[in-house]
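Asker: predicted model and sequence follow; I will ask about them next.
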Amino acid sequence: MIVRPPKKRRMVGWFNPIPLLQTAIRVAMSTIFGEFADRREAFAAANPIGDSALDPRFDYSGRHPDGDFWFDFVADLGDGWNSTFAIARLLAEDRLELAGAQALPRGSLLIMGGDEVYPTPSADEYYDRLLYPYSEAYQERWPEKDCPDLYAIPGNHDWYDGLRSFSPLFCRRSIKVEGRAGVNRRGKVIGGRQTQQTRSYFALRLPKGWWLWGMDSQIQGYIDQPQVDFFQFVAEKWMEPRSRLIICAGTPGWEYVDPRAPEKEYGTLSYLERLAPSVAGKGHELKLMLSGDSHHYARYREKDHNFVTCGGGGAFLHPTHNLVPHKEFEFPFPAPGEPYDRKRKSYKRTVDLATKGNVANADEATFPSRSESRRLAGGLTLFAFRNPYFTLCVAAIYLSFTWLIYLNNQVLDPLGAHQPLHRLLVSGSLVDADFKFWLLAIASPATLLFCLLGWAGYYYFADAEGAARVVMGTAHALIQAIAASLVACLVLRALLPLLPGTAGTILSFVAAALAAAVTTGTLMGVYLWLCLNAWGRHWGHFSALAVEHYKSFLRLHIASDGTLSIFAIGLPGVPDDRRRRGGNPARLCPELIETISIH
């Protein structure tokens, strides 16, 4: 139990070496051990279904039998205080008044679509980055009898500890099964909302023949067999004929799919989207797929099916100007609703970036727009200053590397000059000094290993595969090495004559390391900017900007005639409430991104 005062956290610094290393270790451990200790199997064993009826807590059809049912979807939250608190405040409002839309009442149900905390899960991180902002936004706004319900699917960041922290928060509830040991236990209350789920995935009956499935695809996009059996059972036993289905997925496969190898990103999603419609004699229809994971709003369409990415719940922003507007690929299975013929080897699938409101010649259904996203990308050129801990860490590495070269010169003297390093670097031309620097660098195994580790880092960082990755990583490494060494030599040649003595020499080398690190950071930003704008690569490293603006969530409405309306709500600017003490928080100015209707 946490008893310390909560903290209003900053946005995660993804290029800060310490959290970067911590996240890398968690990813490695969860990837290796997650396959051997899958908590989803424990959920299934502890909460068997048998032939029992749908638990009333998961049935919302009777609460609003005539329609007029509202619910919300938010994903990728739990990062910085300002952005997470801002969206939590909007979700807690009794109703939202937006230009171009009716008054939108608060949802009776909140679905969290993955990655509820960043960068890695723990009791402390959930406490500060999720529970605290949502509790502050709640402030007892509604009576207990009107308490909305809360469901969450885990994203890859929630899985980094094998759902150890996720489970007691969202899956605390248990249902006693006749003939088995156990007790009925209520779920946890988070931000005034009652959790009801017993597993990391769930199925909910909504009014007017609508159903919502929340799937858990772990880290690698893997759906376990008990989860498949659960949804198969739901589709066969609980869903009425011709039910209409909404699926909340862990990742937007429609956005990530590579037409050259579509099954890698779309295989699991394709299986689940066909599961309900393939039940013989039922006639179920998949109408909508929702996901987060990409931290922006974007809607794709395949014929009459809508695929919505809305990961703007509070995490850093991902770009939109890299999105491919039209994707065509051959796939072993047809689109949802189309008949499957075992004799056919492939089907042509086509997904297109939709226009707002499905109106011809309207703007693309993205938030932020491509032009705004491209403008924000320009900030990458200031990478060295936006990520100061990264720059300082690189400076320390360069200083250590230079010290080793200094020792090489003192012990090995590969140039045969019998002069200390600082004297060698100020003699001759700048190019000569740089050549001497690298000759000393490869003169011993220690510094050569340093160079090889640096190249391996750039190779691993490159957003490519195969030979292209080798070329991309090597070119980046060479440019960085040449530029950093030239700048370091230039600074040393300028400062060493002005700062005599041992202290002056040390200060000169420290200044050279800092200048080289700033050069490296700047080139890193230019590299990311170029790769993103020219080839659409490294879009995930938009995180270097830690943009807390352009947040979004969905408010959905089921009308009396069964029509599902989706109101995509955007928040262009997030105020700074992290240092505010007392008084009312800053005013929020949300806007309507688009409205679509599904029948």
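Answerer: Good, I have the coordinates.

Asker: residue closest to the middle of this structure?
Answerer: Centroid-nearest residue in the chain, with C-alpha atoms, centre = their mean: Asp293, separated by 4.1 Å.

Asker: wasn't that one part of a helix?
Answerer: No: following the definition DSSP: H, G, I helix; E, B strand; the rest coil, Asp293 is coil and is not counted among the residues of a helix.

Asker: His157 is in contact with that one, correct?
Answerer: No: counting by C-beta atoms under 8 Å, His157 is not a contact partner of Asp293; they are 9.7 Å apart. For glycine as for every other residue, the C-beta is placed from the backbone atoms N, C-alpha and C.

Asker: overlap in contacts, the two.
Answerer: With contacts taken as C-beta atoms under 8 Å, 6 or more residues apart in numbering, the residues that reach both Asp293 and His157 are Asp115.

Asker: next, the residue lying closest to the residue nearest to the centre of the chain once chain neighbours are set aside: secondary structure please.
Answerer: Taking C-beta to C-beta, 6 or more residues apart in numbering, and ignoring the residues beside it in sequence, Asp293 has Thr251 as its nearest neighbour in space, at 4.6 Å. Look at Thr251: counting by three-state DSSP, its state is coil.

Asker: quick check: Thr251 touching Ser217?
Answerer: Yes: contact criterion C-beta under 8 Å: Thr251 and Ser217 qualify, at 6.6 Å.

Asker: so those two - more neighbours on which side?
Answerer: More neighbours surround Ser217 than the other of Thr251 and Ser217, with 26 against 22 (other C-beta atoms under 10 Å).

Asker: skipping adjacent residues, who's closest to the more buried one in space?
Answerer: Here the residue nearest Ser217, using C-beta to C-beta, 6+ apart, is Gly250, at 3.9 Å.

Asker: the one you found against Asp216, yeah?
Answerer: Yes: with contacts defined as C-beta under 8 Å, Gly250 counts as touching Asp216 at a distance of 6.8 Å.

Asker: quick check: neighbours shared by those two?
Answerer: With C-beta under 8 Å, 6+ apart as the test, Gly250 and Asp216 both reach Ile153, Pro154.

Asker: measure Leu532 to Tyr297 for me?
Answerer: Per C-beta to C-beta, to the nearest Å, Leu532 is found 19 Å from Tyr297.

Asker: Trp438 and Ser485 touch, don't they?
Answerer: Yes: with contact defined as C-beta under 8 Å, Trp438 counts as touching Ser485 (6.6 Å).

Asker: the more surrounded of these two?
Answerer: When Trp438 and Ser485 are compared on other C-beta under 10 Å, the one with more neighbours turns out to be Ser485, at 22 against 15.

Asker: just the buried residues of the helix or strand where that one lies, please?
Answerer: Assigned by DSSP states H and E, Ser485 falls within helix 466-495. Applying a neighbour-count criterion of 16 or more other C-beta atoms under 10 Å, one finds 472-473, 476-477, 480-481, 484-493, 495 buried in helix 466-495.

Asker: I'd like the mean pLDDT over stretch 302-321, please.
Answerer: For stretch 302-321, mean pLDDT is 93.

Asker: next one: stretch 457-464
Answerer: Mean pLDDT, computed over stretch 457-464, is 92.

Asker: got it, and stretch 225-236?
Answerer: Confidence for stretch 225-236, expressed as mean pLDDT, is 88.

Asker: again with stretch 104-113
Answerer: pLDDT averaged over stretch 104-113 equals 93, rounded to a whole number.

Asker: what do you get for stretch 244-264?
Answerer: In this model, stretch 244-264 carries a mean pLDDT of 89.

Asker: give me the number of residues near Ala103?
Answerer: What Ala103 shows, counting by other C-beta under 10 Å, is a neighbour count of 9.

Asker: for the spatially closest residue to it that is not a sequence neighbour, which residues make a bridge with it?
Answerer: Excluding the flanking residues, the one nearest Ala103 by C-beta to C-beta, 6+ apart is Arg95, at 4.8 Å. In this entry, Arg95 is beta-bridged to Pro105, by DSSP bridges.

Asker: what pLDDT is listed against Arg95?
Answerer: Value listed for Arg95 in the pLDDT field: 91.

Asker: how many residues are close by it?
Answerer: The local packing of Arg95 (other C-beta under 10 Å) involves 12 other residues.

Asker: who touches it in this structure?
Answerer: Shown in contact with Arg95 (C-beta under 8 Å, 6+ apart): Ala103, Leu104, Pro105, Arg106.

Asker: in TSV: these, plus distance to Ala261.
Answerer: Formatted as TSV, the entries for these read as follows, by distance: C-beta to C-beta, whole Å:
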residue	distance to Ala261
Ala103	46
Leu104	41
Pro105	44
Arg106	43
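
Asker: drop anything exposed from those residues.
Answerer: Among the contacts of Arg95, those classed as buried by neighbour count (16+ other C-beta under 10 Å) are Leu104, Arg106.
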